[in-house]
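> Just need the structure, nothing else, for what follows:
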Amino acid sequence: MKTDTIAAIATAMTSAGIGIIRISGEQAVTVADRVFQAKNRKCLKDADSHTIHYGTIVDHETVIDEVIVLLMKSPNSYTREDTVEIDCHGGVLVMQKILETVVKNGARLAEPGEFTKRAFLNGRIDLTQAESVIDLINSKNDFAWKSSISQLDGSLLHKIKNLREIIVHETAFIESAIDDPEHYSLDNYGKKLYQIIINLENEIQHLLDTADNGRILKEGINTVIVGKPNVGKSSLLNALVGSDRAIVTDIAGTTRDVIEEHINLNGISLNVIDTAGIRKTNDVVEKVGVDKAKEYLKGADLVLYVIDCSNELSEEDHKIANMIVDKNVIVLMNKSDLQKKVERKDLSHTSEHIISISAKEADGIDELTEMICSMFLNGKISFNDEIVITNMRHKKELLNALESLKLVEESIEGNMPEDFYSIDLMNAYESLGNIIGETLEDDLADEIFSKFCMGK
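Have a look, this model is predicted:
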């Protein structure tokens, strides 16, 4: 592991009230003393940990800025190394000059995520907590924020550790019994282990049941608005956004390309795509838009199918309905303020989720919001203390662990020798260890932390 001293700007590179330059490593305090002149003339190396000092940053007797310095000595810091944070005025040039001065005096530029990587390697946090840091920074809604805070607090770490402790206990018993049969008996052990394995499988499956919705709710529900031309798709987008994001006219085919918008609804996010009206057309530009609409449907988590209920259903409506079979679909009977020519029973074969709305008047939007929340916060996932799997790497390792436990179950049912149990038990143990970083390969760690922002 690298133990040299690193430095980076930890705040955004833009004009702001303050900027922070972070230094961490064995020589962090020494480097800071070379560039910092305290008003009381005292050196940081002689100061107590977790103290604040006022002074200036100086480069060859040239004052760069008036600053406040925070001193955190090992091991009581984010990285468990000596750490110094310089709070300066938040100008881009000022922050760059201070960082350059720090580097000239013995530090090197930190790699993306290197501060958090050191916190992980030094045992202050596990890998799930490290990953939750970047998730917290990137959170777009209340769900993602609360899930990240929960994992940062160690909720998933404690759960995985508990599962691993059960597995290693049983593995140790098997190995002890094989090596010392006089003191440890394996009589009827398979029956006892079988129930333990079933319980472990149930707990892992419970975590896996949250994974798909967890990923969707963290990253945003990929929502595609579809329908034939002039049914009110763009009006619906404008009603959801709360502004005139899309051009709305009485001319069919106005929307020629997709329009994308990020919307927050009651704490969950929609990545909304308003598509061109789907119909057969000879217009080259409109045809490209229709083809794009069909392509976006393939990756949709949710389809908002808009129909004009003031007109009878057409062949185009039925073709669109056939395209969205097996999707999460909400049918929106738009233009409900006009005389209806379509009833709910006419659409029941398309989806059980049907709402009457007037996108033009923004009527029915609250009901739509509630329905989306009920579909994706359906009791398996909620804003409580339940652990939710939002990371696909975690899901993969849980699936690997579950597969290994299934093999143990099969070995017990087949009356295989007990050493077969321990092999698959240890595979499950290692897969769970990969989640928290206890059996992680260096190249995977490098890949994970390279996704972090600079200075974190």
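
> Keeping just the C-alphas, turn stretch 432-442 into CSV.
C-alpha atoms of stretch 432-442 as CSV (Å, rounded to 0.1, in the frame of the first residue of the first chain):
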residue,chain,number,x,y,z
LEU,A,432,-19.9,-12.6,0.7
GLY,A,433,-16.4,-11.4,1.6
ASN,A,434,-16.0,-9.8,-1.8
ILE,A,435,-19.0,-7.6,-1.0
ILE,A,436,-17.4,-6.0,2.0
GLY,A,437,-13.9,-6.2,0.5
GLU,A,438,-12.3,-8.8,2.7
THR,A,439,-11.3,-11.0,-0.2
LEU,A,440,-11.1,-8.4,-2.9
GLU,A,441,-8.6,-8.4,-5.7
ASP,A,442,-6.5,-5.2,-6.1
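
> Just to be sure, Leu70 is in a strand?
Yes: under DSSP: H, G, I helix; E, B strand; the rest coil, Leu70 falls within a strand.

> any idea where the strands of the stretch 201-350 of the chain begin and end?
221-226, 259-265, 268-274, 302-308, 329-334 (DSSP state E, counting those that start in this stretch).

> Give me the neighbour count for the spatially closest residue to Ala10 that is not a sequence neighbour.
Spatial nearest neighbour of Ala10, excluding adjacent residues (Cβ to Cβ, 6 or more residues apart in numbering): Gly455 at 3.7 Å. All C-beta spots, glycine's among them, are computed from the backbone N, C-alpha and C. Neighbours of Gly455 under the rule other Cβ atoms under 10 Å: 22.

> Check the secondary structure at Gly455 for me.
Gly455 is classified as coil under three-state DSSP.

> what sits against the residue lying closest to Ala38 once chain neighbours are set aside?
Leaving aside its sequence neighbours, Ala38 sits nearest to Gly55 (Cβ to Cβ, 6+ apart; 4.1 Å). Counting by Cβ atoms under 8 Å, 6 or more residues apart in numbering, Gly55 makes contact with 36-39, 66-67, 69.

> List only those of the residues you listed flagged as buried.
36, 67, 69 (16 or more other Cβ atoms under 10 Å).

> Residue ranges in this protein under the pLDDT threshold?
The model of the chain has pLDDT under 70 over residues 1-2, 242-258, 267, 276-291, 293, 377-386, 440-444.

> sorry, back to before: relative to Gly106, how far out is the residue nearest to Ala10?
18 Å (Cβ to Cβ, to the nearest Å).

> which residues does Asp65 contact?
Contacts of Asp65 by Cβ under 8 Å, 6+ apart are 56-57, 88-89, 94, 97-98.

> Reformat those residues into CSV and put distance to Ser450 next to each item.
Below are the contacts of Asp65 laid out as CSV (distance: Cβ to Cβ, whole Å):
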residue, distance to Ser450
Thr56, 35
Ile57, 30
Cys88, 27
His89, 30
Val94, 28
Lys97, 27
Ile98, 25
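
> If any of these are buried, put those into a ChimeraX selection.
To isolate the buried ones among the contacts of Asp65 in ChimeraX, judged by 16+ other Cβ under 10 Å, type:
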select :57,88,94,97,98
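
> Quick check: closest non-adjacent residue to Ala107.
Nearest non-adjacent residue to Ala107, counting by Cβ to Cβ, 6+ apart: Ala7, 3.9 Å away.

> Give me the distance from stretch 296-310 to the chain's centre.
Taking the mean of its C-alpha atoms, stretch 296-310 sits 25 Å from the chain's own mean (Cα atoms, centre = their mean, to the nearest Å).

> Okay, helices next: where are they in the stretch 351-456 of the chain?
Secondary structure of the stretch 351-456 of the chain (DSSP state H, counting those that start in this stretch): helices located at 365-376, 392-413, 418-436, 442-449.

> closest one to Pro112 among these?
Of all the helices of the stretch 351-456 of the chain, it is helix 442-449 that lies closest to Pro112, at 6.9 Å by Cβ to Cβ.

> related to what we said a few turns ago, the residue nearest to Ala38 falls within a strand, correct?
Yes: counting by three-state DSSP, Gly55 is part of a strand.
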